[in-house]
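> structure for the following, please:
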Amino acid sequence: MNLNDLFAVAALRAPDKVALEFRAGDALQTWTYRDLFARAEAIAAGLQERGVRQGDRVAFFLSNRPEFVVTYLALLRLGAILVPLNLRYRRVEIAHILTDCAPVLIVSEAAEVDVLADAGVGTALPIPVLTVEEMDGWEKGSGCAGAARVAADDLAMILYTSGTTGRSKGAMITHNNVMATVTGLLAAWGWQADDRLLLVLPLFHTHGLVVGLHCALAAGATVLLRVKFENGRTLTELQSGAATLFFGVPTIYVRLVEELQALPAVDLSSMRLFCSGSAPLSVETFDAFARLTGHTILERYGMTETGMNLSNPYAGLRIAGSVGTPLPGVSMRIVDGEGRDVPVGQEGELLVSGSNVFAGYWNAPDKTAASFCYDAQGVRWFMTGDLARQDPATGAVTLLGRRHELIISGGFNIYPREIEELLMGYPGITEAAVIGMPHSRWGEVPVAYLVCHTPVDDGELAAYCRANLASFKVPALFCRVDALPRNAMGKLQKHLLARPGS
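Next comes the predicted model:
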């Protein structure tokens, strides 16, 4: 079975059920499962006529909109591979990803064409761009050869993430990887065909794409797709009774709590589940949301490379600060620095194994090999880089921090080395080090420490960063230091950098 087969089940069972509702401003569009798959087939034919074939990479630079969904379904039908790009990415990030994965086509929207051009698309990167506006009016072409024969271990998507020591890496996600996460979550969270998911998370991110969209379509549920999260509007919709499920990152829940605190009372009786992921949820936000709404947020833990790994229970005690226990089909270990299992209750690095774990990094066999280890039985384990501890009484896992220096801001991953390399290319800067600083709304924000040999204007430097990086990666502060702390071997010791205000 592949993802095209999985989604087709829902379309066959209830073809006239609403699969997708899209609201942008006051405009509302609804798509039944029949509409969705008919449109996807038409787009597949059009893409096929334009040379897209099985195994080809197709990049998406799209906001949340129905065309993202139907064009992705068209790629599945053709056996092509989705490469979604964060819509906030700019010149450096876009050029790197497109150079690395070499897509045969970029699907975008007219409003984003200039951003792609600034990254070199059409000049240094001669990749054709097809806008969704150009696809309006496409009809089913006579050349459509039907669904490709796609194996479960074929790639469905390449999702770009990063390590702390280099440029972003493309995680190769197979159909089977996605189906393992989806089927595990369908069982663990009690998905039903009459569920309605209010989806405000971006589809270019694994949280919105795999956890949200894929689970809803596989369950035959309805996706209430919105362009983005908006405090007041989202809360109004949650109170309207239209939705039963809502997924967010901690920053979203912080904002919802702020809105809720200004209201006398709310009625969220239609909701059966609120989930949080992509970054740690604070105990304060967890408790405040429960007090204000009567709903206890379910926190879970996943990664781009693995889909979902662990979850608090749908029916049972949800523990603040915990990410629960392994999902169906997922195995875990907590090990010391030598790869030996630690006693339950002790801290170590979390390893996971299962059909949900990705195939490896695109064009990076060395990085793939360095990310896995094998036990005495030959089982392959992915080394998450996260430190964790398992409660001896409940078995629930608590994440304690990251072995690497990843910064998570508003649910988005920020990798210091990428910012540091950009900063050190700026005139006047000799050295740069970036760390995360706690932030009440975003969880963390990046802060840059600079050694400069000539004066550097902070405003001009921030503008330079905004032109080359996504806005959430722009350092919140630029701190001048005479020298960066290093050990006798010359290795940078970031933990010795004084936090701003300390």
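> could you report the neighbour count for residue 317?
Residue 317 has 11 neighbouring residues, counting by other Cβ atoms under 10 Å. Where C-beta positions appear, they are placed from N, C-alpha and C, glycine not excepted.
> give me the buried positions along the strand or helix carrying residue 259.
Per DSSP states H and E, residue 259 falls inside helix 250-261. Residues of helix 250-261 classed as buried by neighbour count (16 or more other Cβ atoms under 10 Å): 250-257, 260.
> need the residues you listed in TSV with distance to residue 79, can you?
What follows is those, written out as TSV (distance: Cβ to Cβ, whole Å):
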residue	distance to residue 79
250	37
251	36
252	35
253	38
254	41
255	40
256	40
257	44
260	46
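> can you tell me which of these lies closest to residue 359?
The shortest approach to residue 359 among those belongs to residue 250, at 29.6 Å (Cβ to Cβ).
> spatially, what comes nearest to the closest one if we skip its sequence neighbours?
Spatial nearest neighbour of residue 250, chain neighbours left out: residue 281 (4.6 Å); criterion: Cβ to Cβ, 6 or more residues apart in numbering.
> so residue 476 sits against residue 436, correct?
No. Contact criterion Cβ atoms under 8 Å: residue 476 and residue 436 do not qualify, at 10.0 Å.
> mutual contacts of those two, please.
Overlap of the contact sets of residue 476 and residue 436 (by Cβ atoms under 8 Å, 6 or more residues apart in numbering) consists of 445-447.
> closest to residue 382 among those residues?
Nearest to residue 382 among the shared contacts of residue 476 and residue 436: residue 446, at 26.1 Å, using Cβ to Cβ.
> how about the particular helix or strand that has the closest one in it: buried residues?
For residue 446, the enclosing helix or strand under DSSP H and E is strand 443-452. Neighbour counts using 16+ other Cβ under 10 Å place 443-450, 452 of strand 443-452 among the buried residues.
> and that strand, which strands flank it?
Counting by DSSP bridges, the strands paired with strand 443-452 are strand 429-439 (antiparallel), strand 477-480 (parallel).
> if we can go back for a sec, the helix holding residue 259 versus strand 443-452: what angle between them?
120 degrees (axes from the mean of the first three to the mean of the last three Cα atoms, to 10 degrees).
> helix or strand next in line after helix 250-261, which one?
Next helix or strand after helix 250-261 toward the C-terminus (DSSP H and E): strand 273-276.
> got the contact list for that following strand?
Applying Cβ under 8 Å, 6+ apart, the external contacts of strand 273-276 come out as 189-190, 211, 244-250, 253, 289, 293, 295-300, 314.
> that one: how far from the chain's middle?
Between the centre of strand 273-276 and the centre of its host chain there is 16 Å, according to Cα atoms, centre = their mean, to the nearest Å.
> where does the chain have low pLDDT?
Within the chain, the stretches with pLDDT under 70 are 139-146, 162-166, 401-402, 404, 487-491, 501-502.
> just the CA trace of the lengthiest helix in it, in CSV.
Longest helix in the chain by number of residues (criterion: DSSP state H): helix 33-49. The C-alpha coordinates for helix 33-49 follow below in CSV (Å, rounded to 0.1, in the frame of the first residue of the first chain):
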residue,chain,number,x,y,z
TYR,A,33,-13.7,13.9,-1.4
ARG,A,34,-15.0,13.4,-4.9
ASP,A,35,-14.0,17.0,-5.8
LEU,A,36,-10.6,16.7,-4.2
PHE,A,37,-9.6,13.5,-6.0
ALA,A,38,-11.1,14.6,-9.4
ARG,A,39,-9.1,17.8,-9.2
ALA,A,40,-6.0,16.0,-8.2
GLU,A,41,-6.3,13.6,-11.1
ALA,A,42,-6.7,16.6,-13.5
ILE,A,43,-3.6,18.2,-12.1
ALA,A,44,-1.7,14.9,-12.3
ALA,A,45,-2.5,14.8,-16.0
GLY,A,46,-1.3,18.4,-16.5
LEU,A,47,1.9,17.8,-14.6
GLN,A,48,2.5,14.6,-16.5
GLU,A,49,2.1,16.5,-19.8
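> which parts of it are buried?
Using 16+ other Cβ under 10 Å as the burial criterion, the residues of helix 33-49 that qualify are 33, 35-48.
> for that helix, name the packing helices and strands.
Identification of packing neighbours for helix 33-49 by 3 or more Cβ pairs under 8 Å, 6 or more residues apart in numbering; DSSP states H and E yields helix 3-13, strand 18-24, helix 66-78.
> buried deepest among the ones you listed, which one?
For the helices and strands packed on helix 33-49, the largest average neighbour count (mean count of other Cβ atoms under 10 Å) is found in helix 66-78, namely a mean of 24.
> which residue ranges of the stretch 301-450 of the chain form helices?
Taking DSSP state H, counting those that start in this stretch to define them, one finds helices in the stretch 301-450 of the chain at 365-370, 416-423.
> for residue 22, find the nearest of these.
Shortest distance between residue 22 and the helices of the stretch 301-450 of the chain, using Cβ to Cβ, is found for helix 416-423: 33.1 Å.
> between the closest one and strand 443-452, how many degrees?
Interaxial angle, helix 416-423 versus strand 443-452 (the same axes, to 10 degrees): 40 degrees.
> only C-alpha atoms, please: export helix 416-423 in CSV.
Provided in CSV are the C-alpha atoms of helix 416-423 (Å, rounded to 0.1, in the frame of the first residue of the first chain):
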residue,chain,number,x,y,z
PRO,A,416,23.0,28.5,14.9
ARG,A,417,25.7,27.5,12.5
GLU,A,418,23.7,28.7,9.5
ILE,A,419,23.3,32.2,11.1
GLU,A,420,26.9,32.3,12.2
GLU,A,421,28.2,31.6,8.7
LEU,A,422,26.0,34.4,7.3
LEU,A,423,27.1,36.9,9.9
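> gap between it and the chain center?
For helix 416-423, the distance to the chain centre is 21 Å (Cα atoms, centre = their mean).
> what's it packed up against?
helix 91-101, strand 429-439, strand 443-452, helix 458-468.
> can you do 7 Å?
strand 429-439, strand 443-452 (3 or more Cβ pairs under 7 Å, 6 or more residues apart in numbering; DSSP states H and E).
> same list, those, but as CSV with distance to residue 364 please.
Formatted as CSV, the helices and strands packed on helix 416-423 follow (distance: least, Cβ to Cβ, whole Å):
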stretch, distance to residue 364
strand 429-439, 23
strand 443-452, 24
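> residue 228 is nearest to which of those?
The closest of the helices and strands packed on helix 416-423 to residue 228 is strand 443-452. By Cβ to Cβ, the value is 18.3 Å.
> now the residue lying closest to residue 253 once chain neighbours are set aside, what's its secondary structure?
Nearest non-adjacent residue to residue 253, counting by Cβ to Cβ, 6+ apart: residue 285, 5.2 Å away. Three-state assignment for residue 285 (DSSP: H, G, I helix; E, B strand; the rest coil): helix.
> residue 285 and residue 471, how far apart?
The gap separating residue 285 from residue 471 is 23 Å, by Cβ to Cβ, to the nearest Å.
> the two - which one has more neighbours?
Between residue 285 and residue 471, residue 285 has the larger neighbour count (other Cβ under 10 Å), namely 20 against 10.
> can I have the buried ones of the contacts of strand 273-276 as a PyMOL selection?
Under the burial definition 16+ other Cβ under 10 Å, those of the contacts of strand 273-276 that qualify are selected in PyMOL by:
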select buried, resi 189+211+244+245+246+247+248+249+250+253+289+293+295+296+297+298+299+300+314
